[in-house]
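> fold the stuff below for me.
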Amino acid sequence: VQLVESGGGSVQAGGSLRLSCASSGSIYGTLCMGWVRQAPGKEREGVAAISPASGRRYYGDSVKGRFTISQDNAKNTVSLEMNSLKPEDTATYYCAAREGPTLRTRSTDYNYWGQGTQVTVS
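Residues are numbered from 1 along each chain as shown. Modelled structure (predicted):
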């Protein structure tokens with residue numbers, strides 16, 4: 001399974017960014033996809049996840065109401081819409097995946113990872 005992220009960048013506080021993750025090498029609908037972030041000096045944090053099989057979504061407490069995860073079945077992509085960004089959202093964001101329909105919520109749950117994309121909020 002290969003995961004390739006796009007999006008990210010720098011934005012002022014209160015702004016918005018959209019991250020996308022294209023997956024290949026698996027049958028779409030068999031992976032739980034998620035976004036995990038890591039800020040300097042901090043542990044990885046599960047931000048959001050979606051189970052294509054069930055449509056269920058997970059959001060970390062720190063992003064609830066601000067971030068939205070969605071899927072595009074035709075393009076085998078998962079996106080993360082980030083609104084009302086705060087400086088504490090600054091981190092490297094990784095797309096992650098694991099086989100199976102179970103909705104994953106912890107960063108340690110995943111076994112496939114993208115290369116990461118930087119988000120900086122000032």
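> centroid residue for the chain?
residue 35 (2.1 Å; Cα atoms, centre = their mean).
> isn't there a helix covering it?
No. Under DSSP: H, G, I helix; E, B strand; the rest coil, residue 35 sits outside any helix and is assigned strand.
> which residues does it bridge with?
For residue 35, the beta-bridge assignment (DSSP bridges) gives partners residue 48, residue 95.
> again with residue 82
residue 17, residue 67.
> can you count the residues close to it?
26 (other Cβ atoms under 10 Å). C-beta: built from backbone N, CA, C; applies to glycine.
> before we move on, back to that, list the contacts of the residue nearest to the centre of the chain.
By Cβ atoms under 8 Å, 6 or more residues apart in numbering, the contact list for residue 35 reads 19, 21, 46-49, 69, 80, 93-96.
> 6 Å - rerun?
With contacts defined as Cβ atoms under 6 Å, 6 or more residues apart in numbering, the neighbours of residue 35 are 47-48, 80, 93.
> and what of residue 48?
Taking Cβ under 6 Å, 6+ apart, we find residue 48 in contact with 35, 59, 67, 69.
> try 10 Å this time
Counting by Cβ atoms under 10 Å, 6 or more residues apart in numbering, residue 48 touches 19, 33-37, 57-60, 63-64, 67-70, 78, 80-82, 105.
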